[in-house]
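Peer 1: mind folding the following:
(2 chains)
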Amino acid sequence: MRLRDQPIRQKLMAILLLTTGGTLVLACAALLAYQFWTFRQTTLKQLSTLGNVIAANSTASLAFQNERDAREILAAFRADPHILAAGLYAKDGTLFSHYPADLPVTAFPAAPGRDGYRFEHAELVGFEPVTQVGNARLGTLYVESDLKAIYSTLQLTGAVVALVMGASLLVAYLLSSALQRTISQPLLALAETARVVSDRQDYSVRAPALGKDELGLLTDAFNQMLGRIEDQDRVLRQNVAEVERSNKELEQFAYVASHDLQEPLRMVSSFTELLERRYGDKLDEKGRKFVRYAVDGAIRMQRLINDLLDFSRVSTRGKAMQPVDMGQVLDTVRLNLSVSLKESGAVVTNDPLPTVTADETQMVQLLQNLVGNAIKFRTADRPHIHVSAQATATEWVFAVRDNGIGIAPEYFERIFVIFQRLHARGEYPGTGIGLAVCRRIVERHGGRIWVASVPGQGATFSFALPHHNGEQAL
Amino acid sequence: MAVLTTSLAGASGRRHAPKAIRPCLVGFALLFAYAPRLVAQASEYQVKAVFLFNFVQFVDWPAAAFPTSTTPLIIGVLGNDPFGPFLDATVRGETVRGRPLEVRRYQTVNEIGTCHVLYISSSEEGRLDDILSDLKDRPVLTVSETAGFDQRGGMIRFVSERSRIRLRINPDAAEAANLTISSKLLQAAEVVTPAKP
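Peer 2: Numbering: from 1, shown residues only, chains lettered A, B, ... in the order given. Model (predicted):
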């Protein structure tokens, strides 16, 4: 697991401990190395001092070949248990006397080496010239010391260093686990607040502010942001509720109005029709014309009110969503439109159409409006209408393509707005509600509707319905 | 001369011997069959010559013993010289405290002028008391192997003890002559305090 993916607490702990640990290890290593070096130097110095003294003492015994005296002088090395061997070499390089006395002569160098003290293998050896002050050289003193003193001291130091390091790391761990909280706590609180906000959509929670540092400022800024969002959210909800309420009122008004208008209108139309039928021969030509206008108006008004009722019913009288076979829906549409299909000689073809979850009545209404429009806005050519469907990852896209008059791009949006007509009533009949109803139906199903067209070359109305569970397959 | 050379070779060959003096004896043993006396004497006086030279390093003379700062340190031999070439060979090229060394040979005590170490040959045994009284109070380190030398007012006596040469020192005599003998030398020797006459 990478450090980057670790929780921030562990990251902080890791950073603090690695820093302390690394520094400690470095410091301790340096200390040990320094200790080792100094102790080596000290040991060397001590041995050379001792060698110096013994060499000075042994001048006469070398000069006058007094072996007993020499042995006594060398025996002084017994005081230092680390001295393994010592020997006095005569001027000509032969071993004159040695310590300890029971050590075989073969254990000593055959001849004295270079003057001075040096580390050889695991030992410290030294060759000290024996001279009576300022005079000719009388011989050489050889000393050999083990380094056990160095190593035992080093071991002790190492143990102490390890102990100190362990204790320091423990203290560092305790301190850092306590101190890291000043950074991780506000961050964790902030993260928790953010999680609560996004989980519950509750903008009223606030992150606790802990201190005045950058994290405190961040928390303050975050809380202020939350406050602003909370205000805006409240305003938005109020507005939405307001809009919904007024929309509902409007729908209710439209429904009630159109419903209640029907009654007096029916009276007007039936009595004007009665007037035309019964008293038509009693009126002159002009009178009959006026009555006809009145009847026409009443019929048009009747249609307008019906369409308006349809429009408002889309949301107020909608039925439950259930699986709907769009192929059957198209068949129903063909049946409903059989008269105008026959009149216009139009051909409606289709690709295989899927089953979708929808309000079946509204699907019929939707397709019928679109196919009806395609027939209505035809050219002199025989109308050819093709219905197809295509699945995308998220929705079904249905297309109703015709070879009619087409629509100029600037009207692509306007045609879906209620009462927007592009043509004079005499040219193409209609109330200008059909496409608005279509849009309302599609939107009620959570989809979209749009048109693509080149004027004179027909139009393609498309609508997309989002997938519901398990209906991707054709 | 051939024998002598061989003897020296024998002496230098003691490199591998365990002890310092025993090698002398190796050479001695090797050559015993050919010239026992000469070899015995040769190695004995060779060692004694070295000792004479070494005395110089362990004894301090009063400043008056050296008329000038460049006066050589003189080792004298009174009477028959038993050292042969060894003494000259030992001293050659050596300096002590910056002074060169010089060997002089005297037949009578009257010839002795500036002298720092005087070896009195056993040939002078008869005249020893006269010689010592002549040298009395002069800063001359007297050395001899004559029996009773240290008891009679001499300073250092060579004593041949089996294969070794031991020293007997009379520090009172040296002190009387204003000479300081290093305690190290005293430690390596046998100190003698003669009964006052």
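
Peer 1: number of residues surrounding residue A:350?
Peer 2: 18 (other Cβ atoms under 10 Å in any protein chain shown). Every C-beta, even on glycine, is put in place using the N, C-alpha and C of the backbone.

Peer 1: identify the bridge partners of it.
Peer 2: Counting by DSSP bridges, residue A:350 forms beta bridges with residue A:387.

Peer 1: does the closest residue to residue B:64 other than its chain neighbours belong to a helix, a strand or coil?
Peer 2: Excluding the flanking residues, the one nearest residue B:64 by Cβ to Cβ, 6 or more residues apart in numbering or on different chains is residue B:139, at 7.0 Å. Counting by DSSP: H, G, I helix; E, B strand; the rest coil, the backbone at residue B:139 sits in coil.

Peer 1: gap between residue A:291 and chain B?
Peer 2: 160 Å (Cβ to the nearest Cβ, to the nearest Å).

Peer 1: what sits closest to that residue if chain neighbours are left out?
Peer 2: That would be residue A:276: by Cβ to Cβ, 6+ apart, it lies 4.8 Å from residue A:291.

Peer 1: looking at it, that neighbour is touching residue A:293, isn't it?
Peer 2: No: with contacts counted by Cβ atoms under 8 Å, residue A:276 stays clear of residue A:293, the gap being 10.7 Å.

Peer 1: burial count for residue 79?
Peer 2: All of this is about chain A. 8.

Peer 1: chain B is the one I meant
Peer 2: Residue B:79 has 20 neighbours, counted by other Cβ under 10 Å.

Peer 1: got a list of what it touches?
Peer 2: B:106, B:107, B:120, B:121, B:122, B:123, B:124 (Cβ atoms under 8 Å, 6 or more residues apart in numbering or on different chains).

Peer 1: who are the packing partners of the longest strand seen in chain B?
Peer 2: When chain B is parsed with DSSP state E, its longest strand is strand B:99-106. Here strand B:99-106 touches strand B:73-78, helix B:86-91, going by 3 or more Cβ pairs under 8 Å, 6 or more residues apart in numbering or on different chains; DSSP states H and E.

Peer 1: buried residues in the last one?
Peer 2: Which is helix B:86-91. For helix B:86-91, a neighbour-count test (16 or more other Cβ atoms under 10 Å in any protein chain shown) marks B:86, B:87, B:90, B:91 as buried.

Peer 1: ok, that helix near chain A or not?
Peer 2: No: under the criterion of Cβ under 8 Å from any Cβ of the partner chain, helix B:86-91 makes no contact with chain A; the nearest approach is 10.3 Å.

Peer 1: what sits against residue A:388?
Peer 2: Residue A:388 makes contacts with A:350, A:351, A:398, A:399, A:401, as judged by Cβ under 8 Å, 6+ apart.

Peer 1: mind putting these into TSV with pLDDT?
Peer 2: Listed next are the contacts of residue A:388 as TSV, based on pLDDT from 0 to 100:
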residue	pLDDT
A:350	91
A:351	91
A:398	94
A:399	93
A:401	92
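
Peer 1: same list (these) but as CSV, adding distance to residue A:207.
Peer 2: Output for these, formatted as CSV (distance: Cβ to Cβ, whole Å):
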residue, distance to residue A:207
A:350, 58
A:351, 56
A:398, 49
A:399, 51
A:401, 56
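
Peer 1: what is the nearest of the residues you listed to residue A:263?
Peer 2: Checking the contacts of residue A:388 against residue A:263 by Cβ to Cβ gives residue A:398 as the nearest, at 38.3 Å.

Peer 1: A strand includes the closest one, no?
Peer 2: Yes: judged by three-state DSSP, residue A:398 forms part of a strand.

Peer 1: so it makes contact with residue A:389?
Peer 2: Yes: in this structure residue A:398 lies within contact range of residue A:389 using Cβ under 8 Å: 4.9 Å.

Peer 1: okay, and the common contacts of those two?
Peer 2: With Cβ under 8 Å, 6+ apart as the test, residue A:398 and residue A:389 both reach A:326, A:353.

Peer 1: among the two, which residue is more densely surrounded?
Peer 2: Ranked by neighbour count (other Cβ under 10 Å), residue A:398 and residue A:389 place residue A:398 first, with 28 against 18.

Peer 1: does that one have any beta-bridge partners, and if so which?
Peer 2: residue A:389, residue A:463.

Peer 1: OK, contacts around it?
Peer 2: Counting by Cβ under 8 Å, 6+ apart, residue A:398 touches A:326, A:353, A:387, A:388, A:389, A:462, A:463, A:464, A:465.

Peer 1: quick one: contacts of the strand or helix carrying residue A:348?
Peer 2: Assigned by DSSP states H and E, residue A:348 belongs to strand A:347-350. Strand A:347-350 has contacts (Cβ under 8 Å, 6+ apart) with A:327, A:330, A:333-334, A:341, A:371, A:382-388.

Peer 1: residues of stretch A:44-58 that come out buried?
Peer 2: Within stretch A:44-58, the residues scored as buried using 16+ other Cβ under 10 Å are A:44, A:46, A:47, A:48, A:50, A:51, A:54, A:55, A:56, A:57, A:58.

Peer 1: helices - which of the residues you listed land there?
Peer 2: Counted as lying in helices by DSSP state H, out of those, are A:44, A:46, A:47, A:48, A:50, A:51, A:54, A:55, A:56, A:57.

Peer 1: so which of those comes closest to chain B?
Peer 2: residue A:57 (6.9 Å; Cβ to the nearest Cβ).

Peer 1: so for the closest one, what's the nearest residue that isn't a sequence neighbour?
Peer 2: Residue A:57's closest residue in space is residue A:73 (Cβ to Cβ, 6+ apart), at 5.0 Å.

Peer 1: now the residue lying closest to residue A:206 once chain neighbours are set aside: which helix or strand?
Peer 2: Counting by Cβ to Cβ, 6+ apart, residue A:206 lies nearest to residue A:223, which is 4.9 Å off, once chain neighbours are set aside. Residue A:223 belongs to helix A:214-279 when assigned by DSSP H and E.

Peer 1: show me what the helix or strand that comes right after that helix is packed up against.
Peer 2: Per DSSP H and E, the first helix or strand lying C-terminal to helix A:214-279 is helix A:285-316. On a contact count with 3+ Cβ pairs under 8 Å, 6+ apart, helix A:285-316 meets helix A:214-279, helix A:434-444.

Peer 1: thinking again about what came up before, quick one: contacts for the residue nearest to residue A:57?
Peer 2: By Cβ under 8 Å, 6+ apart, residue A:73 lies in contact with A:54, A:57, A:58, A:61.

Peer 1: as a check, name the ranges of all helices in chain B.
Peer 2: Under DSSP H, chain B gives helices at B:2-12, B:22-32, B:36-58, B:86-91, B:128-135, B:171-176, B:183-187.

Peer 1: least confident of those helices, on average?
Peer 2: The minimum mean pLDDT among these belongs to helix B:2-12 (a mean of 37).

Peer 1: contact partners of the helix or strand where residue A:85 lies?
Peer 2: Assigned by DSSP H and E, residue A:85 belongs to strand A:83-90. Residues outside strand A:83-90 that contact it (Cβ under 8 Å, 6+ apart) are A:47, A:50, A:54, A:58, A:61-62, A:65, A:70, A:74, A:77, A:95-100, A:103, A:107-108, A:111-112, A:123, A:130, A:138-146, B:20.

Peer 1: what's the local residue count around the closest residue in space to residue A:392 that isn't next to it in sequence?
Peer 2: The spatial neighbour of residue A:392 that comes closest, neighbours along the chain excluded (Cβ to Cβ, 6+ apart), is residue A:464 at 8.0 Å. Neighbour count for residue A:464, taken as other Cβ under 10 Å: 19.

Peer 1: can you pull the contacts of residue A:464?
Peer 2: The neighbours of residue A:464, taking Cβ under 8 Å, 6+ apart as the test, are A:392, A:395, A:396, A:397, A:398, A:442, A:447, A:448, A:449.

Peer 1: which SSE is immediately downstream of the host helix or strand of residue A:170?
Peer 2: Assigned by DSSP H and E, residue A:170 belongs to helix A:148-179. Where DSSP H and E defines the elements, the next helix or strand beyond helix A:148-179 is helix A:181-200.
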